[in-house]
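>>> this one's sequence-less:
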């Protein structure tokens, strides 16, 4: 599966960190995720993506210690979404206290 980084975060470093984490989770980059999230990649449950060719990280936003990221993909002719809700451990956004995933 190819993961595309579409989110435009050039002027927002915290938003870029959110987009990078979503990208790493979707790409299965265990090293990156485990370094920044104590519960690790194995604790994050995604929908079945075996039949997905491409997924896009569309939007990443943050405010204070909270953040979210919208991702989209096509499956069986329908656009589907994955949303990550993330909480940083500090306002510096160097690590994550929690990551919640919702999808349709």
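The structure has been received and is ready for your questions. Nothing here was measured: the structure is a model prediction, and the numbers come from that model. Numbers count the residues shown, from 1 in each chain.

>>> isn't residue 14 right up against residue 62?
Yes: counting by Cβ atoms under 8 Å, residue 62 is a contact partner of residue 14 at 4.4 Å. Glycine gets a C-beta too; all of them are placed from N, C-alpha and C.

>>> more crowded one of these two?
For residue 14 versus residue 62, the count of surrounding residues by other Cβ atoms under 10 Å is larger for residue 62: 22 against 19.

>>> partner residues bridging the more buried one?
residue 67 (DSSP bridges).

>>> let me know the outermost residue of the chain.
Distance from the C-alpha centroid of the chain peaks at residue 77, with 22.9 Å (Cα atoms, centre = their mean).

>>> got the phi and psi for that residue?
When read as degrees, to the nearest 10, the backbone of residue 77 gives phi 80, psi 10.

>>> what's the answer for residue 70, then?
Main-chain dihedrals, residue 70, degrees, to the nearest 10: phi -100, psi 130.

>>> give me the pLDDT value at the residue farthest from the centre of the chain.
Note on residue 77: pLDDT of 93.

>>> how far away is it from residue 4?
Per Cβ to Cβ, to the nearest Å, residue 77 is found 19 Å from residue 4.

>>> break down this protein into its strands, ranges please.
Secondary structure of the chain, counting by DSSP state E: strands at 2-5, 54-63, 66-75, 78-88, 96-103.
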